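Undergrad: Whatever this is, show me its structure:
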Amino acid sequence: MPRETAPAKAARLKQILAALDRAYPGAHCELNHASPLQLLIATILSAQCTDKRVNLVTAELFKKYRTAADFANADLAALEQAVKSTGFFRNKAKNIQACCRRLIEKHAGEVPQTMDELTALSGAGRKTANVVLGNAFGLNFGVVVDTHVSRLSQRLGLTRATTPEKIEQDLMKLVPQPQWALFSHWLIWHGRRRCDARKPDCANCEIKKLCPQIRVPTTKTQRHKE
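TA: Numbering: from 1, shown residues only. Prediction:
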């Protein structure tokens with residue numbers, strides 16, 4: 001694929017954004033939460049785990065643990081059991097407890113609203129911070145780059161980068177800041193509902209004409225993988 005000029009990419013992206021908005025007008029964070037703290041905990045648990053599984057776990061977890069103090073003072077073994085099915089449960093439980101203890105020590109038990117303060121919490125990297133800031137507080141400090149956003153932004157020819165940090169920087173330069181959080185939702189929803197990693201539904205894709213289909217598996221490669 002020949003290198004696209006910056007103006008051409010910007011014009012194509014504008015069309016992509018409009019098409020995704022039409023396709024997914026209700027796109028939102030699919031981690032169930034009723035507070036910034038719940039979203040923070042759910043996002044920590046979502047590492048290498050599906051949102052569906054996390055929602056099943058947090059439905060019970062948030063009944064038992066309601067405040068940062070509840071998590072901070074919890075019996076660690078009991079907390080581990082409560083989050084076990086999300087995978088890497090010992091590390092996640094340890095991070096959640098350490099995170100909540102810092103919330104109490106530094107932020108009066110409340111979730112902070114800056115990137116630096118959030119990324120200083122145990123288990124909360126830049127992706128987690130962006131999820132919380134964008135969805136709990138409506139603040140666009142960056143773009144959430146999960147596996148769907150990474151894969152689709154490369155497939156759409158919006159970035160040639162391969163690390164989340166560099167992909168995010170490329171996307172922040174292209175996407176209007178007020179749409180950073182929403183853009184992530186659109187790509188995540190599109191990745192889950194239409195643009196599968198191995199078997200993308202290109203025939204019915206809402207943005208097919210705008211997509212260079214970089215690294216889209218061919219029928220031959222699909223058969224080989226299966």
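Undergrad: What mean pLDDT does stretch 199-209 get?
TA: Stretch 199-209 comes out with an average pLDDT of 96.
Undergrad: Contacts only, for Ala47.
TA: Phe88, Lys92, Gly123 (CB atoms under 8 Å, 6 or more residues apart in numbering). Where C-beta positions appear, they are placed from N, C-alpha and C, glycine not excepted.
Undergrad: Take the residues you listed and keep only those in helices.
TA: The helices, defined by DSSP state H, take in Lys92 from the contacts of Ala47.
Undergrad: hmm, which of the contacts of Ala47 are the buried ones?
TA: Lys92, Gly123 (16 or more other CB atoms under 10 Å).
Undergrad: Ser153 against Leu187, yeah?
TA: Yes - using CB atoms under 8 Å, Ser153 makes contact with Leu187 at a distance of 6.8 Å.
Undergrad: what about these two, which has more around it?
TA: Leu187 (29 against 25; other CB atoms under 10 Å).
Undergrad: In this structure the more buried one contacts Val149, no?
TA: Yes - counting by CB under 8 Å, Leu187 sits close enough to Val149 to count as a contact (4.7 Å).
Undergrad: burial measure for Ala11, as a count.
TA: Using other CB under 10 Å, Ala11 is surrounded by 13 other residues.
Undergrad: And the next helix or strand past the helix or strand hosting it?
TA: Here Ala11, judged by DSSP states H and E, is contained in helix 6-23. As assigned by DSSP H and E, the chain's next helix or strand after helix 6-23 is helix 36-45.
Undergrad: What residues sit buried inside that following helix?
TA: For helix 36-45, by 16+ other CB under 10 Å, it's Pro36, Leu37, Gln38, Leu39, Leu40, Ile41, Ala42, Thr43, Ile44, Leu45.
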